[in-house]
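S.K.: Return atomic coordinates for the entry below.
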Amino acid sequence: MPLVPVPDRVVTRAAERTRLAQVRAGLERLREEIDTWQQRRQKTDPLAQYRTQLATLSAVLGGALTGLHEALQKIAPASPPGAVAKACRGLEARAAWVRLLWRFYAERFNQRDDPALRPLLSAADEMVWSCLQPAENGGRRRAAPLPYLASIASPRTVPREDRPAELRDSGIIEFVEKHLGELPIPLVALPPQCVQEPWLLAHVAHEIGHQVQHDLAPGKAALLAFADALRVATGGSDAWGAWNQEVFADAWAAGCLGPAAAIALADLELAEPPDLLVHRPLYPPALVRVAFIARLAQALGSDRAQVPLAPFALVPELPDQPLAARAAVQALNAVVTATLAMTLPGDWPDGAGGASALTQRFRRHGEEFGSGGEVAQWTYSLIRGEDPGAPSERRSARLLAAASVQAWNQLRMVEDDVARTTALTHLAQTVPRLITAAREPGTRAAADDVRAVDLITSGKLGASAEGRGRDLAARLLAIEETELPWH
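M.R.: Numbers count the residues shown, from 1 in each chain. Predicted coordinates for the structure are as follows:
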């Protein structure tokens, strides 16, 4: 059959429709990949432990893809020549960024599929959940932080409004700063040595303290308010104001873990005596941090005898103590008093409801960490290699972590090498199992980012999270193509 000439513009229109179909297929394929991954994660989560986190992530990513799909629908083949191709390239670049965000979280969720990491991460999930409990006070919850293992030396946190270093290092730092907005799920990164030394999970309490302070009020209101309170308490010290985030996180650790928080931090900070007094811009001197936690824990009701801080206790007597360090030490009592008096919203994290002092949030501290309290009894059981019989309650995870630190602190002093290694190995194998086994029954759905329905099976998206997804799409669509990271 002879070929019939076709006008160039007709050919162009057909090619444009083909290009639009390719982009549409790519968006649909990405959505299918995300849905398939989420369904697989749901099957591995019979207790619905990650339901809120997964539904929040799905809603944000789904909202972003919906926004991009709607933008695709508005591209008309009747546009000037070349305009369709340019618009399609722009949408594909924006979809690639949505994929990057999804894979960033997927890789951290998927660590739980590794049998070597699963016990530790399951215990870490319980620690996060347990350390958040005093902040909630029966109020509404947002998606809890997701713990994961990273190539770092010490734990760190990434609040919702911060930017993960891994995204910063992907070559799109300016793009991320301008257009990401709020993270769907905050993060807690753990060093790999936690797998062999699970008592290091005690540091999760400090990291959750950062999350709590950031979530207490919109923006940085809670950070600024506590910074002002510390300045007032210390006679206008800008140093204490600058340290407010670390002081708050240390206070939260003291409430969650009692003396164990001071022991864990002392091990992390221990150095030659002069180094313990070095002034640091974001952290109080090491001596001051440990002493603050110890004094605050005692003020909350902890047993003072459980805080062996010999190397730190001698430092204040040094005759050549730096003036700045001496001033920080002298201000400790005022800082402890101000911290105990600080108020927290009654309905975290929305700020609604009444306010309560830190002492009210940790009102059971004395029975948990006092002389002969639960942690003391559980520590004794762990040292003997026995199951302490912790109840299936939300607070049990942090109390078991505290007991494991206390037990480790004593077992590491055993002189006999074989006996010490055997005891510590048994403790390391036991702690993750005990923490996970003590989880409270029931599911963990939140009502802030997603509605209180089974979002995964129903396919319904929470308006708040989906709205953030559409906002992300709007941010992506509003920027110039030359600003896109893969332009």
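
S.K.: which stretches of the stretch 101-250 of the chain aren't confidently modelled?
M.R.: Scanning the stretch 101-250 of the chain for pLDDT under 70 picks out 137-141, 163, 165-182.

S.K.: where do the helices sit along it?
M.R.: Counting by DSSP state H, counting those that start in this stretch, the stretch 101-250 of the chain has helices at residues 118-136, 165-168, 173-179, 204-215, 221-233, 238-242, 244-257.

S.K.: Adding mean neighbour count and distance to residue 43 as columns, could you present these in CSV?
M.R.: In this view, the C-beta of every residue, glycine as well, is placed from N, C-alpha and C. What follows is the helices of the stretch 101-250 of the chain, written out as CSV (neighbours: other CB atoms under 10 Å; distance: least, CB to CB, whole Å):
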stretch, mean neighbour count, distance to residue 43
helix 118-136, 23, 15
helix 165-168, 16, 27
helix 173-179, 15, 32
helix 204-215, 26, 27
helix 221-233, 18, 38
helix 238-242, 18, 47
helix 244-257, 26, 32
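
S.K.: how about JSON lines for those helices, with distance to residue 283 added?
M.R.: Output for the helices of the stretch 101-250 of the chain, formatted as JSON lines (distance: least, CB to CB, whole Å):
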{"stretch": "helix 118-136", "distance to residue 283": "20"}
{"stretch": "helix 165-168", "distance to residue 283": "19"}
{"stretch": "helix 173-179", "distance to residue 283": "25"}
{"stretch": "helix 204-215", "distance to residue 283": "11"}
{"stretch": "helix 221-233", "distance to residue 283": "14"}
{"stretch": "helix 238-242", "distance to residue 283": "9"}
{"stretch": "helix 244-257", "distance to residue 283": "5"}
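
S.K.: Of the ones you listed, which is nearest residue 50?
M.R.: Nearest to residue 50 among the helices of the stretch 101-250 of the chain is helix 118-136 (8.1 Å), distances taken as CB to CB.

S.K.: Who are the packing partners of that closest one?
M.R.: Counting contacts by 3 or more CB pairs under 8 Å, 6 or more residues apart in numbering; DSSP states H and E, helix 118-136 is packed against strand 146-149, strand 187-190, helix 204-215, helix 244-257, helix 396-411, helix 417-437.

S.K.: closest to residue 69 out of those?
M.R.: Taking CB to CB, strand 146-149 is the member of these nearest to residue 69, at 27.4 Å.

S.K.: Partner strands of that closest one and their direction?
M.R.: Strand pairing for strand 146-149, using DSSP bridges, gives strand 187-190 (parallel).

S.K.: List the residues that contact residue 186.
M.R.: Neighbouring residues of residue 186 by CB atoms under 8 Å, 6 or more residues apart in numbering: 143, 145-146, 157-160, 211, 214.

S.K.: can you rerun that using 7 Å?
M.R.: 145, 158-160, 211 (CB atoms under 7 Å, 6 or more residues apart in numbering).

S.K.: Could you do residue 34 as well?
M.R.: Here residue 34 is in contact with 58, 61, 102 (criterion: CB under 7 Å, 6+ apart).

S.K.: Against residue 300, how distant is it?
M.R.: Distance of residue 34 to residue 300, computed by CB to CB, to the nearest Å: 44 Å.

S.K.: Run through the stretch 351-487 of the chain and note the low-pLDDT ranges.
M.R.: 351-355, 443-470, 472, 475-476, 478-487.

S.K.: all helices for it, in order.
M.R.: Using DSSP H, counting those that start in this stretch, helices in the stretch 351-487 of the chain cover 358-361, 365-369, 374-383, 396-411, 417-437, 455-458, 463-478.

S.K.: how about these, which one is nearest residue 75?
M.R.: Checked against CB to CB, the stretch from the helices of the stretch 351-487 of the chain lying closest is helix 463-478, at 11.6 Å.

S.K.: Next, the contact list for residue 292, please.
M.R.: 247, 250, 284, 332, 335-336.

S.K.: The contacts of residue 186, buried ones only, as a PyMOL selection?
M.R.: Applying 16 or more other CB atoms under 10 Å to the contacts of residue 186 leaves a buried subset, and the PyMOL line that selects it is:
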select buried, resi 145+158+159+160+211
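
S.K.: export the contacts of residue 186 to TSV and tack on distance to residue 413?
M.R.: Shown next, in TSV, are the contacts of residue 186 (distance: CB to CB, whole Å):
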residue	distance to residue 413
145	34
158	36
159	37
160	41
211	34
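
S.K.: of the contacts of residue 186, closest to residue 13?
M.R.: Using CB to CB, residue 160 is the member of the contacts of residue 186 that sits closest to residue 13, with 45.5 Å.

S.K.: so what's the nearest residue to residue 297 once chain neighbours are set aside scoring on pLDDT?
M.R.: Excluding the flanking residues, the one nearest residue 297 by CB to CB, 6 or more residues apart in numbering is residue 254, at 4.5 Å. pLDDT for residue 254: 95.

S.K.: so how far is residue 205 from residue 254?
M.R.: Distance from residue 254 to residue 205, by CB to CB: 9 Å.

S.K.: what touches both of these two?
M.R.: Common neighbours of residue 254 and residue 205 (CB under 7 Å, 6+ apart) are residue 261.

S.K.: which of the helices of the stretch 351-487 of the chain is buried the deepest?
M.R.: The highest mean neighbour count among the helices of the stretch 351-487 of the chain, using mean count of other CB atoms under 10 Å, belongs to helix 396-411: a mean of 27.

S.K.: Packing partners of that one?
M.R.: helix 118-136, helix 244-257, helix 259-269, helix 374-383, helix 417-437 (3 or more CB pairs under 7 Å, 6 or more residues apart in numbering; DSSP states H and E).

S.K.: could you redo the last one with a cut-off of 8 Å?
M.R.: Short answer (3+ CB pairs under 8 Å, 6+ apart): helix 396-411 packs on helix 118-136, helix 204-215, helix 244-257, helix 259-269, helix 374-383, helix 417-437.
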